[in-house]
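Engineer: the following comprises the amino acid sequence and a computationally predicted model.
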Amino acid sequence: MFKTKLSGAIRHTFLLGMLLLAFPGSALAFREGINLPRGVTTMSDEIYNLHMLIFWICVVIAVLVFGAMIISIFLHRKSRGVEPAKWHHNTAVEVVWTVIPFMILIGMAIPSARALIDLEDYRDYDMSIQVTGYQWFWHYEYRGENVDFYSRLDRDSNRARQLRAHRDIDPRDVDNYLLEVDNRVVVPINQKVLLLLTANDVIHAWWVPELGGKKDAIPGFVNELWFEITEPGVYRGQCAELCGRDHGFMPIVVEAVEQEEYEAWLEEMRERQAKGDDNLQLSAIEVAR
Ligand SMILES: [Cu+2]
């Protein structure tokens with residue numbers, strides 16, 4: 001009687017497990033914020049797919065291993081009068097439990113290596129921007145476009161964070177508090193954008209999570225990072241290195257637009273530069289601090 005119930009329960013658990021595995025990742029109610037964000041670039045997509053592949057391989061292994069353990073504990077428990085097996089050293093079993101993990105590791109290594117190689121492939125880019133980290137703002141130079149500007153924490157966030165000096169501004173009333181800048185990085189969609197990262201003072205790190213990459217900006221070195229954004233939008237990030245007292249106040253905002261819009265923006269920036277717009281210069285940044 002009990003045996004029938006137990007085998008029924010095992011069968012139901014097994015069927016439920018198989019049913020869950022049959023659903024794609026998104027159908028399993030992975031709430032936003034729990035799973036890895038999918039991002040908006042070709043590379044972040046590849047990283048996400050790799051992550052999900054490895055995740056499901058781990059789930060299958062966990063279901064099989066823990067399933068076998070649980071079933072074995074139930075069926076071969078002492079109270080049922082099961083005698084412990086006396087044999088040891090089974091060559092067939094040892095071959096199987098060496099070969100199977102080996103095959104699994106190869107299955108994981110191939111897509112991982114492919115993603116890593118893609119991640120580090122900086123050739124054939126469409127445009128490049130030299131990014132320099134400062135305490136505590138960024139400088140962007142669009143190479144070959146005659147456009148360069150500084151990008152720092154926007155004035156509202158900056159005033160609100162100085163609680164003592166500006167008690168009248170509540171941080172909760174500021175849109176995108178600490179995640180907004182005065183001059184955004186504008187890039188066209190569907191273009192391979194190469195960033196050349198360095199720093200002027202201490203080590204910083206350029207990180208916009210949705211773009212699927214993070215790189216250190218180190219004085220005296222040039223690091224590379226590339227992305228190709230597929231969806232227009234505004235993407236926010238921060239310096240990801242403990243770079244000093246005001247480390248939390250150097251956000252990064254990337255705006256991805258259509259090609260024509262990007263060209264128009266470049267033209268506008270050139271005009272602003274020609275007019276000597278203070279908001280693009282360093283002196284204005286220092287005055288505001
Ligand atoms: Cu920094």
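Structural biologist: Yep, that arrived.
Engineer: how about the stretch 1-150 of the chain: which residue is closest to the ion?
Structural biologist: At 5.3 Å from the ion, Gly133 is the closest residue in the stretch 1-150 of the chain, using Cβ to the ion. Where C-beta positions appear, they are placed from N, C-alpha and C, glycine not excepted.
Engineer: rounded mean pLDDT for the longest helix along the chain, please.
Structural biologist: Using DSSP state H, we find that the single longest helix of the chain is helix 42-75. Helix 42-75 shows a mean pLDDT of 95.
Engineer: before we move on, back to that, how many neighbouring residues does the residue of the stretch 1-150 of the chain closest to the ion have?
Structural biologist: Residues lying near Gly133 (other Cβ atoms under 10 Å) number 27.
Engineer: quick check: it touching His204?
Structural biologist: Yes: counting by Cβ atoms under 8 Å, Gly133 does reach His204; the two are 3.0 Å apart.
Engineer: burial of Asn35, as a residue count?
Structural biologist: 15.
Engineer: an error on my part: the question was meant for Tyr177.
Structural biologist: 17.
Engineer: which residues in the stretch 1-150 of the chain form strands?
Structural biologist: Along the stretch 1-150 of the chain, the segments classed as strands by DSSP state E, counting those that start in this stretch run 127-134, 137-142, 147-151.
Engineer: okay if I get these as a markdown table plus mean pLDDT?
Structural biologist: As requested, the strands of the stretch 1-150 of the chain are arranged in a markdown table below (pLDDT from 0 to 100):
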| stretch | mean pLDDT |
| --- | --- |
| strand 127-134 | 97 |
| strand 137-142 | 96 |
| strand 147-151 | 94 |
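Engineer: dump those to a markdown table, plus distance to Val65.
Structural biologist: A markdown table is the format used below for those (distance: least, Cβ to Cβ, whole Å):
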| stretch | distance to Val65 |
| --- | --- |
| strand 127-134 | 46 |
| strand 137-142 | 48 |
| strand 147-151 | 50 |
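Engineer: contact partners for Val95?
Structural biologist: The contact partners of Val95, by Cβ atoms under 8 Å, 6 or more residues apart in numbering, come to none.
Engineer: sorry, wrong one. I was asking about Pro111.
Structural biologist: 50, 53.
Engineer: check contacts around the residue of the stretch 1-150 of the chain closest to the ion.
Structural biologist: Contact partners of Gly133, counting by Cβ under 8 Å, 6+ apart, are 197-201, 203-206, 217, 239, 243, 250.
Engineer: bridging across strands, which residues link to it?
Structural biologist: Judged by DSSP bridges, the bridge partners of Gly133 are Trp138, Ala199.
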